[in-house]
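Participant: below: sequence and its predicted model.
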Amino acid sequence: MTPNQTPLISQSQVSRDSGSWHYTVLRDLEQRLGGSSEFPCVFSKNAFRKQLLKFIFVERNDSSGIQHLASGLAEYVDVSRKWDHSLDTAYPLIVAFSHASIHAKTVEDYHAYGWDVLQRLHEVDTAPWPDDVGEDPESATWSMCFNGMPLFCNMSTPVHQLRKSRNLGEHFVLVINPRERFDVFAGNTPEGRKMRLNIRARINRYDDIPHSPQLGFFGSSSSEWKQYGLGDQNTERGEKCPFLMRSRRG
């Protein structure tokens, strides 16, 4: 990152950074989202084609790395507050982590790391938790929040093999979107339910395993947090969410 460059950078900026691991992340995304690929999320494919993606690259797993991520995420939230409800101004955020910042071998290892990152972001977040968002991850109204905005965070790992839609290349990636966008485009409405059915049908064609039983829609009986990190097998999950509200920490 150049001295005058903010942590949040555009897809076009990354495309000019050939030779770095940042460009490798973009190349891996192109292989999955570009051209005639059958990647299930049509919104991601549209965003990639129109160069709408935003990026934050995390080089280090220390306080400076988290502060760098927090600064970029705060900027992303500020940009997202100005959204005009158009698909062409819905910028997904790709948070990519260097190989040096993470040492993981299994899907579970990567998910544990992802939750640790979200916890540390929460610890440095100075904005109050939104009143209309549950504080208990088992609540139907819970979602990760930062800078006062509810977010949906998708954890994609390089070791997912059967659930290929959760493998975006050789780096660990968080795909972050404002929670509101899912409600607008794929919420609990006739149009939203139709869109979800279409995406899940595409998942079943793309992945080597049926779509996860944890997938649901916000506000339903499904746990939002379980959708952040999906395993490579469709198994029962009895674990507790590792995320802890500051007010609930002992």
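Facilitator: Arrived safely.
Participant: which neighbouring elements make contact with the helix or strand bottoming out on mean pLDDT in the chain?
Facilitator: Of all helical and strand segments in the chain, the minimum by mean pLDDT, DSSP states H and E falls on helix 179-186, at a mean of 79. Where contact means 3 or more CB pairs under 8 Å, 6 or more residues apart in numbering; DSSP states H and E, helix 179-186 is packed against strand 149-156, helix 190-206. Glycine gets a C-beta too; all of them are placed from N, C-alpha and C.
Participant: now do the buried residues in the longest one.
Facilitator: By neighbour count, and taking 16 or more other CB atoms under 10 Å as the criterion, the buried residues in helix 190-206 are 192, 195-196, 199, 202-203, 206.
Participant: then it to CSV, C-alphas only?
Facilitator: Provided in CSV are the C-alpha atoms of helix 190-206 (Å, rounded to 0.1, in the frame of the first residue of the first chain):
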residue,chain,number,x,y,z
PRO,A,190,-42.1,-13.5,-3.0
GLU,A,191,-39.4,-12.0,-5.2
GLY,A,192,-36.7,-12.6,-2.5
ARG,A,193,-37.8,-16.3,-2.0
LYS,A,194,-37.7,-16.8,-5.7
MET,A,195,-34.2,-15.4,-5.9
ARG,A,196,-33.0,-17.6,-3.0
LEU,A,197,-34.4,-20.7,-4.6
ASN,A,198,-32.6,-19.8,-7.8
ILE,A,199,-29.3,-19.3,-6.0
ARG,A,200,-29.7,-22.6,-4.1
ALA,A,201,-30.4,-24.5,-7.3
ARG,A,202,-27.2,-23.0,-8.7
ILE,A,203,-25.4,-24.1,-5.5
ASN,A,204,-26.6,-27.6,-6.0
ARG,A,205,-25.2,-27.6,-9.5
TYR,A,206,-21.9,-25.9,-8.7
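Participant: following that helix, which helix or strand comes up?
Facilitator: Per DSSP states H and E, helix 190-206 leads on to helix 224-228 as the next helix or strand towards the C-terminus.
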